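Visitor: Show me how the following folds:
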Amino acid sequence: MKWLQAIQQYLPTHKYAINSRILGDDAELAWSNLGYWEDAKSSYPQACQELAFHLAQSIQLTSNDHLLDLGCGQGASLIFWLKQFQIQNLSAVELQPHCVEKIQKNLNSKVKITQDSFLNLKNIYPQHSLDAVLCIDAAYHSDLNSLLFSVFDILNSKGRFAFHYLMLSDEFLNLNSLQQLKYQSLLKAADVNLKHLNSKQGLHAQLENAGFEVLDIADLSTPVLQGFARYIQQQKLGAAHFDLGQFKIQMTAKLCEKLYSDGLIRYVQISVRKP
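Guide: Modelled structure (predicted):
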């Protein structure tokens, strides 16, 4: 069985697990998003913080908000909300058991964390109890309609929700079925369902049909997709032995580069408010 153990040491513990040490963050509660790259010289943690900061600014997050972080990963964003925004009432939902355990160990008295899907929020939180919900670089793995209805029920009146998603360009809609099938396969490898994506006009309609007022849909393709791809190219990742963690990161960077260069699928920051 030694051969099985040897293989398993290179396998991620969860399909969304990322080896952040390879990316440049060796903290116990590390970042694991694509980052917002204003400067090619930024470190990985700095870029991740920028992506989180832009998302929070889009809904004018304040220290008085009861905040829920959806898909908080390894927990770096939770530390960021506590320190940067002085959030006093912080909750989180994360699917990966090992991440939840690590966060409970380090932030148990400061964060109320639940291991569950963020499509199951009604069963976790009382109705209309939250002022703000943020989801950094994770929502596009889920059906948008399901996510919107899940969040809507737990927000207070005037509650805000901001998240990252993928959006189809108008040019994408003109592709033939074979060309669209190619993109469907590419996205499936990244656990993204092409059928869940929409054009900007379609996104507006989805958001409004779910009951939200649209604050903004901002295209972040250049600082995020191109930025992450360039960062990984500069790192020149390589290993003397097979490492699935490095392979996963390199494939993610290649997908980001293709999406950016083709320009048919855009990376967007969406902010909405409940009436």
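Visitor: Assign the residue nearest the centre of the chain to helix, strand or coil.
Guide: Centroid check for the chain by Cα atoms, centre = their mean gives D137 as the closest residue, at 1.5 Å. Going by DSSP: H, G, I helix; E, B strand; the rest coil, the secondary structure assigned to D137 is coil.
Visitor: Grab the nearest non-local neighbour of it.
Guide: Excluding its sequence neighbours, the residue lying closest to D137 (Cβ to Cβ, 6 or more residues apart in numbering) is N33, at 3.8 Å. No exception for glycine: its C-beta is placed from N, CA and C like everyone else's.
Visitor: Same check on Q233?
Guide: Q233 sits nearest to A253 (Cβ to Cβ, 6+ apart), 7.1 Å away.
Visitor: A47 too?
Guide: Leaving aside its chain neighbours, A47 sits nearest to G35 (3.0 Å; criterion: Cβ to Cβ, 6+ apart).
Visitor: now do K110
Guide: Nearest to K110 is L82, by Cβ to Cβ, 6+ apart, at 6.1 Å.
Visitor: Run the chain-centre distance for the longest helix seen in the chain.
Guide: Across the chain, the longest stretch assigned as helix under DSSP state H is helix 244-262. Offset of helix 244-262 from its chain centre (Cα atoms, centre = their mean, to the nearest Å): 15 Å.
Visitor: For the stretch 101-250 of the chain, which segments count as helices?
Guide: 144-152, 177-189, 200-209, 221, 227-235, 244-262 (DSSP state H, counting those that start in this stretch).
Visitor: which helices and strands does whichever strand or helix holds V93 pack with?
Guide: According to DSSP states H and E, V93 maps onto strand 89-94. Applying 3 or more Cβ pairs under 8 Å, 6 or more residues apart in numbering; DSSP states H and E, one finds that strand 89-94 contacts strand 66-70, helix 76-84, helix 97-107, strand 111-115.
Visitor: just checking, what packs against the longest helix of the chain?
Guide: helix 20-23, helix 177-189, helix 227-235, strand 265-273.
Visitor: closest to G211 out of the ones you listed?
Guide: Ranking the helices and strands packed on helix 244-262 by proximity to G211 (Cβ to Cβ) places strand 265-273 first, at 9.3 Å.
Visitor: Partner strands of that closest one and their direction?
Guide: Using DSSP bridges, the strands paired with strand 265-273 are strand 155-168 (antiparallel), strand 213-219 (antiparallel).
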